[in-house]
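Novice: Quick one: sequence plus predicted model below, questions after.
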Amino acid sequence: MSEIIRWTAAELGAKLAAGEVSSVEATQAHLDRIAAVDGDVHAFLHVNEHALDAAAEIDRRRAAGEQLGELAGVPLAIKDVLVTTDQPSTSGSRILEGYRSPFDATVVARSRAAGLVGIGKTNMDEFAMGSSTEHSAYGPTHNPWDLDRIPGGSGGGSAAAVAAFEAPLALGSDTGGSIRQPAHVTGTVGIKPTYGGVSRYGAIALASSLDQVGPVSRTVLDAGLLHDVIGGHDPKDSTSLPEAWPSFAAAAREGATGQVLQGLKVGVIKELPDSGFQSGVASSFHAALKLMEAQGAEIVEISAPHFEYGVAAYYLILPAEASSNLAKFDSVRFGLRVTPDGGGTVEDVMSLTREVGFGPEVKRRIILGTYALSAGYYDAYYGSAQKVRTLIQQDFDAAFAQVDVIATPSAPTTAFKLGEKIGDPLQMYLNDLTTIPANLAGVPGISVPSGLAEEDGLPVGIQFLAPAREDARLYRVGAALETLLVDAWGGPLLDRAPILGGNR
Amino acid sequence: MAAVKLMDFDKALELFEPVLGFEVHVELNTETKMFSDAPNPANERNHDAEPNTLIAPVDLGLPGSLPVVNEKAVRSSISLGLALGCSIAESCRFARKNYFYPDLGKNYQISQYDEPIAFEGSVEVQLEDGTLVTIPIERAHMEEDAGKLTHMGGATGRIQGAEYSLVDYNRAGVPLVEIVTKPIFGAEHRAPEIAKAYVAAIRDIVRGLGISEARLERGNLRCDANVSLRPRGQEKLGTRTETKNVNSMRSVERAVRYEIQRQAAILADGGSITQETRHWHEDTGTTSPGRPKSDADDYRYFPEPDLLPVQPPRELVEELRAALPEQPVARRRRLKADWGFGDIEFQGVVNAGLLDEVEATIAAGTTADAARKWWTGEISRIANEREVDATSLIAPASVAALQQLVDAGTLTDKLARQVLEGVIAGEGTPQQVVDARGLAVVSDDGALIAAIDEALAAQPDVLAKIKDGKVQAAGAVIGAVMKAMKGQADAARVRELILERAAQ
């Protein structure tokens, strides 16, 4: 195994800039790694056949003396929910098999412009509906820590690719935890930015008012570097915030010095008792808080009385918006078309195409959402859910009047076994208990590895939440804790992951 | 199909009170579409585009595409709302109207539901005899148009029986303002006329604002006419029908009359009216049922999460209000006084739709009477003969130039009519036609005297008669001279010269 793949994106970027390694070499090393391990992990739905060409182009530009960004030449895995002109974009669905977009998502275009090398498209639950990637139409992704376990979802592919050293960086999307929960179960870092902080243009919509694109990486600094590339106002997304953002990489570097913890007020939610979490998750969480306390942080109990309604509200708002967003997949203009034997009307063709092209979870949520928006039910369901959303926003406002950040475990359990919850949607939905409120309120959240659960030796993440637009605070706090933990562990958590494909 | 029974119109009015309502869709002529940067086919620059050439990802509902509101369309909508005497919302949202149809790229239409940009207004319309009627306006809201389906292979050109259908998405996303009236009571026997006058009033308003090309035959202005009847003395409104596809002012009038007669016949026979959409057939002057429209139609409206609320600053609203052109009815009042026309003369111009042309002709330097005579006389006669719009034949400036040649004595009325034909035929300006065709009055006395001498020689007794005081005898000679000069002589001058000769 080439050592190149073990480097962080920041390290690789520095070595590329110093001419110690070329982008072609780095890209080839990752392609080799994908060839070696992805048969087991299945993080990728598509490996970019143009990756080496793109890498060679960056090398050529660098050789020509062009000033390139910090991540120029670094490989990037892209969640398949993001449309790309040079690779297919399926959103994990049969209905979009082989679909080629005529335009790049804004985050893809910005990554390309910054010289990142798209190495492939990563697996995900179909249309980002799920917490395990088991709902991908193309088969599940396996957790690099234990191939029998789920890598989280919906962005399990991006998290697993980074955890398995198939890519140093990945793009994800987070509607209810799809970046943070996979980070939690794979020992990686994931950030859901403030709603509007990163353009949604070109992200195949699940729930427009909740979706947010963000970085997936092995370190907080790497996430910040990628966030700096993809973030900022985009006139093509009306919900994108117009203001300028500080550098998140700079925030991460500042945080790594640790001083940010002195006097930092960290809120812990009273209504999330330890009893709701796997014991190893709870104990890892408390150990992390202790470490922060020792560095001068103050742990403050806060109340967020409406968080408990978050999952219920989320599972009305999300399906409602999704039922409308997914209506465009009708076979008329693009994507799969299935015609009944002997022909049929356009309605017959639409209906059969959707019957064949959508998986069961997608159908379940379309039906739920259609029902929730129906005349006579709208107020009771969608209307009430929006009220809960407002109450949760008010909970956050009240909490952030007292504390700088809120901390929670990133998910209730460590990675569960593939197939364990696939037959029980409600259990699956509860995975996102602690991540959903951030999407409902539009605030940013980060998941950073906090350790391994003693009972199963699987990774656990700690989530920090900050007020809207305070993403930089998360990078400072996340990097501070990361530094303390890596020092305590004597190296990154992922060093303790099993070696994959070593003999291949 | 069984013959439709119609009741005599007067008899229908004796038994029932008609209640009207209109939904008029106005296509805005902005350069780009409502939510995309594709060129707008409702702008004159983009007429006659090939199918599916004026499209952007949003218009096709491509995965990852997002709408962005056209600011110009919002300004046009506000101006229209103000011209309709409406209040302008301080904040209003778009909503999704969800239904599957192949001409609708996203399978939802972005419209406004319970938050229209303009509401509560009224518009004054003028009937042919000059009577003013006030039509109450409920709302005017912004939305996008759908694409256009062409059904192929069937006998009727309708979707039933067609083998396949072609879709043109050029029209998808064209900005529309839908103007909805409140129920209109008290129209009585003038209901058809009011319908026509209302549509004409809307056309005049949007033309005056310059926000639409406002051509009914092109679909820039589309009227759905709602008609219901209630028995005399009954409070409760009857069941209404909504007649679509009325593409001319005359059709609106006819369609309303037809629906009153049709519904009256059904009700008088003890039948009931089906609440439905009906289709107007211009050729037969009848309506036929379209799809049943019940209040149970469930479009699952919900606020469009991809767009922010539209919040027009009050300064902008006031700026647009200050820039409003004079209201058509007020303008007519002013012009009638300025021109010194009687009721009949003025209504003649108005009813012919030639107000703008007459005004422009006067402005180019003619008397009001001359301008009116040309437009309602010879030009209208030719337009009727050729079945075209009088305004399409000649520019007001040319009419003024023509009249100036008459005033200068260069042309007689008769010659001027020949020049008009030349101008209409595209032979150039009036002066160019005069020159090219050699149509100017012969003002060379020498040539006239020669012709007079010749005529007198042929009728030797005439001079003697004139000398005896029988001046009218000159008529025969004048006729002969005019004939010899092919009409290109001033008859008055010829007469003068004959009398001079007799006096010698």
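Specialist: All right, it came through fine. Numbering: from 1, shown residues only, chains lettered A, B, ... in the order given.
Novice: Would you mind listing what in the stretch 201-350 of chain A touches chain B?
Specialist: Neighbours of chain B within the stretch 201-350 of chain A, by CB under 8 Å from any CB of the partner chain: A:201-205, A:207-209, A:235-239, A:320-321, A:323-324, A:327-328, A:330, A:332-334, A:346-347, A:350. C-betas here are computed from N, CA, C, even on glycine.
Novice: Would you list the buried entries among those residues?
Specialist: Neighbour counting by 16 or more other CB atoms under 10 Å in any protein chain shown classes A:201-205, A:207-209, A:236-239, A:320-321, A:323-324, A:327-328, A:330, A:332, A:334, A:346, A:350 among those as buried.
Novice: where do the helices sit along the stretch 201-350 of chain B?
Specialist: Applying DSSP state H, counting those that start in this stretch to the stretch 201-350 of chain B gives helices spanning B:249-268, B:314-322, B:328-339, B:343-351.
Novice: any idea which of the ones you listed is most buried?
Specialist: Among the helices of the stretch 201-350 of chain B, the stretch with the highest mean neighbour count (mean count of other CB atoms under 10 Å in any protein chain shown) is helix B:249-268, at a mean of 22.
Novice: Any idea which residue of the stretch 401-504 of chain A lies closest to chain B?
Specialist: The minimum distance from the stretch 401-504 of chain A to chain B, using CB to the nearest CB, falls at A:G442 (11.7 Å).
Novice: Can you tell me the SS state at the closest residue to that residue other than its chain neighbours?
Specialist: Once flanking residues are discounted, A:G442 sits nearest to A:Y195: 3.5 Å by CB to CB, 6 or more residues apart in numbering or on different chains. Under DSSP: H, G, I helix; E, B strand; the rest coil, A:Y195 falls in the coil class.
Novice: Could you chop the chain up by domain?
Specialist: As the question left the chain open, I've gone with chain A. Split into domains by automatic domain parsing, chain A comes to A:3-267+A:402-496, A:308-386.
Novice: looking at chain B here, not the other one
Specialist: What the record gives for chain B is the domain set B:9-298, B:337-415, B:445-503, from automatic domain parsing.
Novice: that older thread, so the residue nearest to A:G442 sits right up against A:Q212, yeah?
Specialist: Yes - assessed by CB atoms under 8 Å, A:Y195 is found in contact with A:Q212 at 5.6 Å.
Novice: Spit out the residues that contact those two alike.
Specialist: Both A:Y195 and A:Q212 are contacted by A:N439, under the criterion CB atoms under 8 Å, 6 or more residues apart in numbering or on different chains.
Novice: quick one, which of these two is more surrounded?
Specialist: Between A:Y195 and A:Q212, counted using other CB atoms under 10 Å in any protein chain shown, the more crowded position is A:Q212 (27 against 23).
Novice: Low-confidence bits of chain B, can you list those?
Specialist: For chain B, applying pLDDT under 70 flags the ranges B:1-2, B:155-158, B:291-296.
Novice: Around chain A, which positions in it sit nearby?
Specialist: Residues of chain B lying close to chain A (CB under 8 Å from any CB) are B:57, B:60-69, B:96, B:98, B:100, B:102, B:105-108, B:165, B:167, B:296, B:298, B:300-302, B:305-308.
Novice: isn't A:V107 right up against A:G172?
Specialist: No - counting by CB under 8 Å, A:V107 does not reach A:G172; the two are 10.2 Å apart.
Novice: tell me, what's touching the two both at once?
Specialist: Common contacts of A:V107 and A:G172 (CB under 8 Å, 6+ apart): A:V213.
Novice: From the neighbour counts alone, determine which of the two ranks first.
Specialist: Taking neighbours as other CB under 10 Å, A:V107 and A:G172 compare with A:G172 leading, 33 against 28.
Novice: other SSEs contacting the helix or strand harbouring the more buried one?
Specialist: Per DSSP states H and E, A:G172 falls inside strand A:169-173. The contact analysis (3 or more CB pairs under 8 Å, 6 or more residues apart in numbering or on different chains; DSSP states H and E) places strand A:169-173 against strand A:75-79, helix A:106-113, helix A:156-163, strand A:213-217, helix A:220-230.
Novice: got the angle for it vs strand A:75-79?
Specialist: Using axes from the mean of the first three to the mean of the last three CA atoms, to 10 degrees, the direction of strand A:169-173 lies 20 degrees away from that of strand A:75-79.
Novice: So for strand A:169-173, what gets flagged as buried?
Specialist: Residues of strand A:169-173 classed as buried: A:169-173 (neighbour count, 16+ other CB under 10 Å).
Novice: just stretch B:397-410 next, same as before
Specialist: B:398-406, B:410.
Novice: Of all the residues in the stretch 51-200 of chain B, which one is nearest chain A?
Specialist: B:N107 (3.5 Å).
Novice: Isn't that residue up against B:R96?
Specialist: No - the pair B:N107 / B:R96 is not scored as a contact, 9.7 Å apart, by CB under 8 Å.
Novice: which one of those two has more residues nearby?
Specialist: Set B:N107 next to B:R96 and count neighbours by other CB under 10 Å: B:R96 wins out with 26 against 21.
Novice: which element is the more buried one on?
Specialist: strand B:95-98.
Novice: do the same with B:N29
Specialist: B:N29 belongs to no helix or strand when assigned by DSSP H and E.
Novice: All the strands of the stretch 201-350 of chain A, residue numbers only.
Specialist: A:213-217, A:265-269, A:298-302 (DSSP state E, counting those that start in this stretch).
Novice: Out of those strands, which is the most enclosed?
Specialist: Highest mean neighbour count of the strands of the stretch 201-350 of chain A: strand A:213-217, a mean of 31 (counted as mean count of other CB under 10 Å).
Novice: That one: partners in the sheet, and parallel or antiparallel?
Specialist: The pairing partners recorded for strand A:213-217 under DSSP bridges are strand A:169-173 (antiparallel), strand A:189-192 (antiparallel).
Novice: Tabulate the ones you listed (JSON lines), appending mean pLDDT and distance to A:G69.
Specialist: Output for these, formatted as JSON lines (pLDDT from 0 to 100; distance: least, CB to CB, whole Å):
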{"stretch": "strand A:169-173", "mean pLDDT": "98", "distance to A:G69": "13"}
{"stretch": "strand A:189-192", "mean pLDDT": "98", "distance to A:G69": "19"}
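Novice: Figure out which of the helices and strands packed on strand A:169-173 is closest to B:E193.
Specialist: Among the helices and strands packed on strand A:169-173, helix A:106-113 comes nearest to B:E193, with 54.8 Å by CB to CB.
Novice: all strands of chain B, in order?
Specialist: Applying DSSP state E to chain B gives strands spanning B:16-27, B:87-88, B:95-98, B:108-111, B:118-126, B:132-144, B:148-152, B:164-168, B:175-181, B:221-231, B:241-246, B:276-281, B:286-292, B:302-303.
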